[in-house]
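> predicted model and sequence follow; I will ask about them next.
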There are 2 protein chains.
Amino acid sequence: MTYMTETPEYVDEHARFAFDVFAKACTSRTTLEHLTGRWGILAMAALWHGPLRFNALRRRVEGVSEKMLAQTLQALERDGFVHREAQPSIPPRVDYSLTPMGRQTAGKLVDLIEFVESQMPEVTAAQARHDQAKVRV
Amino acid sequence: MTYMTETPEYVDEHARFAFDVFAKACTSRTTLEHLTGRWGILAMAALWHGPLRFNALRRRVEGVSEKMLAQTLQALERDGFVHREAQPSIPPRVDYSLTPMGRQTAGKLVDLIEFVESQMPEVTAAQARHDQAKVRV
DNA sequence: CTGTATCCTCTCTGATACTG
DNA sequence: CAGTATCAGAGAGGATACAG
């Protein structure tokens, strides 16, 4: 599958770089969505500092249902970002943790979250400006 | 809104850091979703190397409908990541570009995309292992 | 060209109930 | 505790038509 259907006419060195970056994203769109989806990014961030059991994870990611958390974790496990370790005991105990690859990825996600959070005052200000401009019309 | 409803008992320095990171994400969940949503991240990446007009952007983000692209851009513009410049000419011409804040953010998103892409061979291998293990059951 | 408006579909999501 | 199964609603998303 290709996202890029045409090459910009004004391709310079910088543009060529970006073009490649974007083209590469195509093959990984699904995986990327698992990571950046509504619950994926939160689950990864929650696991960032260490392993968690299913219900502990659920409590940390406020608002997630059992179903969605299970679904999210299954996708992330299949992609190799999350490791699932079940102990065949009664009651069952399952620990979720990040794989080495998952850990690197989570680091970048946390970095993104932190950056966005640091910009929230500016975001809020921008929203206010935008809304006020609309009212004037 | 709070995502964290309990403090882990085993909080050490590292965990406390992660805890804070995660707690901070709460206030910016909506903004984060605009950026990491299905079309948001692709639009940001597409604008990474320079301004684009509406339809050029649409062609670069394969599969996006007019409606969703317009919606996505409006959200990103309102949040202050994207600048929209319309020329009152016939036919109309509208250029979209990243604001300074948007540029920094897009950099992190592109970084994430590139990293995930670089891990795709491992992801694919993990998926194959996972699927094969399932079959055995 | 750059959108907006409308209708319609379909997936995502959450609540509930149930199993091992 | 750690899920799975099922159902129903909400909202994302797409196709089409139309406006400026």
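Great, that's in hand. Numbers count the residues shown, from 1 in each chain, chains lettered A, B, ... in the order given.
> just the strands in chain A please.
Along chain A, the stretches classed as strands by DSSP state E are A:52-53, A:82-87, A:93-98.
> I'd like those strands as a markdown table, with mean pLDDT, mean neighbour count and distance to A:S65 appended.
(C-beta placed from N, C-alpha, C; glycine too.) Shown next, in a markdown table, are the strands of chain A (pLDDT from 0 to 100; neighbours: other Cβ atoms under 10 Å in any protein chain shown; distance: least, Cβ to Cβ, whole Å):
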| stretch | mean pLDDT | mean neighbour count | distance to A:S65 |
| --- | --- | --- | --- |
| strand A:52-53 | 96 | 16 | 17 |
| strand A:82-87 | 95 | 14 | 18 |
| strand A:93-98 | 96 | 16 | 17 |
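> tabulate the ones you listed (JSON lines), appending distance to DNA strand D.
Formatted as JSON lines, the strands of chain A follow (distance: least, Cβ to the nearest atom of the strand, whole Å):
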{"stretch": "strand A:52-53", "distance to DNA strand D": "3"}
{"stretch": "strand A:82-87", "distance to DNA strand D": "6"}
{"stretch": "strand A:93-98", "distance to DNA strand D": "4"}
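> can you lay out these as TSV showing distance to chain B?
Putting those into TSV (distance: least, Cβ to the nearest Cβ, whole Å) gives the following:
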stretch	distance to chain B
strand A:52-53	8
strand A:82-87	10
strand A:93-98	12
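> any chance of these in a markdown table, plus distance to A:T72?
Formatted as a markdown table, the strands of chain A follow (distance: least, Cβ to Cβ, whole Å):
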| stretch | distance to A:T72 |
| --- | --- |
| strand A:52-53 | 13 |
| strand A:82-87 | 9 |
| strand A:93-98 | 11 |
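> contacting residues around the closest residue to A:A86 other than its chain neighbours?
Leaving out its chain neighbours, the residue that sits closest to A:A86 by Cβ to Cβ, 6 or more residues apart in numbering or on different chains is A:V94, at 4.6 Å. Applying Cβ atoms under 8 Å, 6 or more residues apart in numbering or on different chains to A:V94 gives the contacts A:R53, A:F54, A:R84, A:E85, A:A86, A:Q87.
> repeat the analysis, applying 10 Å as the threshold.
Residues in contact with A:V94 (Cβ atoms under 10 Å, 6 or more residues apart in numbering or on different chains) are A:L52, A:R53, A:F54, A:N55, A:L57, A:L73, A:R84, A:E85, A:A86, A:Q87.
> so the second one touches A:Y96, yeah?
Yes: here A:R53 reaches A:Y96: they are 7.3 Å apart, a contact under Cβ atoms under 10 Å.
> buried stuff in the helix ranked longest in chain A?
The single longest helix within chain A, with elements called by DSSP state H, is helix A:100-118. Of the residues in helix A:100-118, A:M101, A:G102, A:T105, A:A106, A:K108, A:L109, A:V110, A:L112, A:I113, A:E114, A:V116, A:E117 count as buried by neighbour count, 16 or more other Cβ atoms under 10 Å in any protein chain shown.
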